[in-house]
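A.B. asks: Give the three-dimensional model of this entry:
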Amino acid sequence: MRLHVLSNSLTNHRKPSHSLLKSFISHMGQGGRGHWESPLSSVPRLPNHSACEMGELTQTGVVQHLRNGQILHQAYKRHNLLPSNWSPRQLWVETTGKSRTLQSGLAFLYGFLADFDWTKLTVRHQWSTLFCGSACDCPARNRYLEEEQRRQYRLRVADTELERTYVEMARTLGLPTRQLRAANPIDSLLCHLCHGLSFPCVPMADSGSGGCLTMAQFAVIRRQQLDDEVDRRRAGLYHKYAILAAYPYLNRTATKMERVAKGNEAGRQPRAGGEEVFTLSSAHDVTMAPLLSALGLEEARFPRFAARVVFELWKSPPVTQGQSKKRAGKAEKSKVKDGELFIRVLYNGEDVTFHTTFCHSHSGHANQPLCPLKNFLSFVKRDMFSVINATSYQEACYRRAG
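C.D. replies: Alright, predicted model coming up:
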């Protein structure tokens, strides 16, 4: 088999590169000064294999995350989101124990906050890809996932073009069809495609095997994926799974936003060390996909490499006396109150707030162009469970299947 070996060590002399890459590599060498929840301290902070193995971060990925972090830095620097003398309490970073996830998070953080002070940073470990913490036990979620996987399997088996393509690919590579199908070749092909590499080839043999995998075969697998997304929305099983899978993370997000909101109330004594103002969760496609579905963003495609979801908390500025008179003179009665709180949701830089379930009906309010935080809080605390005919996470998870 002809394989393209990607070097998995970083250097600013190889493309793609970034203006921050050299200093990022150097800064990661000081990571021992940071605080790491077990078992993260033993995970390499930089890709460090001579050859890239499946599922590892490459230099392309590092550069993508440095760029993403830099985009947010540019977007928020005028708001002074994190002051130069930020405290450890104001920054929360969490990741699973996979090396690519930890490394992705560190690259993103460095793009956002270059040369950050390691001694102030604690990197927290999430053992589950759902980031569900102590609320992971949910029998109903597991049932919905099993039903969804059966639906997915039935759709694949019924797709004769897909099955024919798998047989052709397996013959080319000299593998049993069952083995190739189970290996989910789309991930490997995507890796080749994203790095500009030709697909795997095998020398021709007397048995008839050999040759190269083709773009046409990749297109068939990708077409079936898109068909599956349509059928997934029709069936609704994945959405029910997603509601229960994403709830613990959404609930933590809502709780943090409420805490920040209360901390900013007039007359309240500021908390020592300040409130948490920036949370970075470095996760997986299987974390983000249910999150998007739970939010009602069903049209969003399966997350691409380096995809990002951003939740922003906004506060309306105080209205001065002059502004009040000006509004009254024009007979413009805004419903926005001083200090009112709003939420904005962005997916890969695009504002999708008014596509979410909790703010879809609010999009026509021209005099209030942001979504009230209370909509999001009500959604997380109760409304999101209506799809499962329940009023709470506990009820939805443990009610007997009828």
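A.B. asks: Does residue 281 belong to a helix, a strand or coil?
C.D. replies: strand (DSSP: H, G, I helix; E, B strand; the rest coil).
A.B. asks: Show me what it is bridged to.
C.D. replies: Judged by DSSP bridges, the bridge partners of residue 281 are residue 94.
A.B. asks: show me what contacts it?
C.D. replies: Under the criterion of Cβ atoms under 8 Å, 6 or more residues apart in numbering, the neighbours of residue 281 are 94-95, 126, 131, 249, 287. For glycine as for every other residue, the C-beta is placed from the backbone atoms N, C-alpha and C.
A.B. asks: 10 Å - rerun?
C.D. replies: Shown in contact with residue 281 (Cβ atoms under 10 Å, 6 or more residues apart in numbering): 92-96, 101, 105, 124, 126, 131, 249, 252-253, 287-288, 291, 309.
A.B. asks: My guess is residue 131 contacts residue 94. True?
C.D. replies: Yes. Contact between residue 131 and residue 94 holds when scored by Cβ atoms under 10 Å: they sit 7.1 Å apart.
A.B. asks: Which one's more surrounded, those two?
C.D. replies: The neighbour comparison of residue 131 against residue 94 (other Cβ atoms under 10 Å) goes to residue 131, with 24 against 21.
A.B. asks: Does the more buried one fall in a helix, a strand, or a coil region?
C.D. replies: Under three-state DSSP, residue 131 comes out as coil.
A.B. asks: In terms of pLDDT, where does it sit?
C.D. replies: The per-residue pLDDT reported for residue 131 equals 98.
A.B. asks: Contact partners for it?
C.D. replies: Contacts of residue 131 (Cβ under 10 Å, 6+ apart): 94-96, 245-246, 248-250, 252-253, 281-284, 287, 291.
A.B. asks: I'd like the distance between residue 110 and residue 179.
C.D. replies: Counting by Cβ to Cβ, to the nearest Å, the gap from residue 110 to residue 179 is 40 Å.
A.B. asks: measure the residue nearest to residue 176 when sequence neighbours are not counted to residue 201 for me?
C.D. replies: Computed as Cβ to Cβ, 6 or more residues apart in numbering, the closest residue to residue 176 that is not its neighbour in sequence is residue 170, at 6.4 Å. Applying Cβ to Cβ, the value for residue 170 to residue 201 is 15 Å.
A.B. asks: same thing with residue 290?
C.D. replies: In terms of Cβ to Cβ, residue 290 sits 37 Å off from residue 201.
A.B. asks: got it, and residue 398?
C.D. replies: 52 Å.
A.B. asks: try residue 297
C.D. replies: 39 Å.
A.B. asks: Quick check: residue 127 vs residue 136, distance?
C.D. replies: 8 Å.
A.B. asks: cool, residue 245 as well?
C.D. replies: The value you get for residue 245 to residue 136, if Cβ to Cβ is used, is 10 Å.
A.B. asks: Which residues are in contact with each of the two?
C.D. replies: Listed as contacting both residue 245 and residue 136 by Cβ under 10 Å, 6+ apart are 128, 130.
A.B. asks: Between those two, which is the more surrounded one?
C.D. replies: Using other Cβ under 10 Å as the criterion, residue 245 and residue 136 rank with residue 245 on top: 28 against 13.
A.B. asks: for the closest residue to that one other than its chain neighbours, what are its contacts?
C.D. replies: Spatial nearest neighbour of residue 245, chain neighbours left out: residue 290 (4.1 Å); criterion: Cβ to Cβ, 6+ apart. Shown in contact with residue 290 (Cβ under 10 Å, 6+ apart): 129-130, 141, 145, 238-239, 241-247, 249.
A.B. asks: where does the stretch 251-400 of the chain have low pLDDT?
C.D. replies: 266-273, 318-338, 363-368 (pLDDT under 70).
A.B. asks: if we can go back for a sec, report all helices and strands that the helix or strand hosting the residue nearest to residue 176 contacts.
C.D. replies: Residue 170 is located in helix 160-173, with elements delineated by DSSP states H and E. For helix 160-173, the elements it packs on are helix 139-157, helix 177-182, strand 201-202, strand 211-212, helix 215-235, judged by 3 or more Cβ pairs under 10 Å, 6 or more residues apart in numbering; DSSP states H and E.
A.B. asks: right, and those - which one's nearest residue 382?
C.D. replies: Closest to residue 382 of the helices and strands packed on helix 160-173, according to Cβ to Cβ: helix 139-157, at 16.8 Å.
A.B. asks: Tell me where the stretch 201-350 of the chain has helices.
C.D. replies: Assigned helices in the stretch 201-350 of the chain, in chain order: 215-235, 237-263, 285-294, 321-329 (criterion: DSSP state H, counting those that start in this stretch).
A.B. asks: As JSON lines, the ones you listed with distance to residue 382 would be great.
C.D. replies: Below are these laid out as JSON lines (distance: least, Cβ to Cβ, whole Å):
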{"stretch": "helix 215-235", "distance to residue 382": "24"}
{"stretch": "helix 237-263", "distance to residue 382": "11"}
{"stretch": "helix 285-294", "distance to residue 382": "14"}
{"stretch": "helix 321-329", "distance to residue 382": "35"}
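A.B. asks: To residue 383, which of those lies closest?
C.D. replies: Among these, helix 237-263 comes nearest to residue 383, with 10.5 Å by Cβ to Cβ.
A.B. asks: got the angle between that closest one and helix 139-157?
C.D. replies: 140 degrees (axes from the mean of the first three to the mean of the last three Cα atoms, to 10 degrees).
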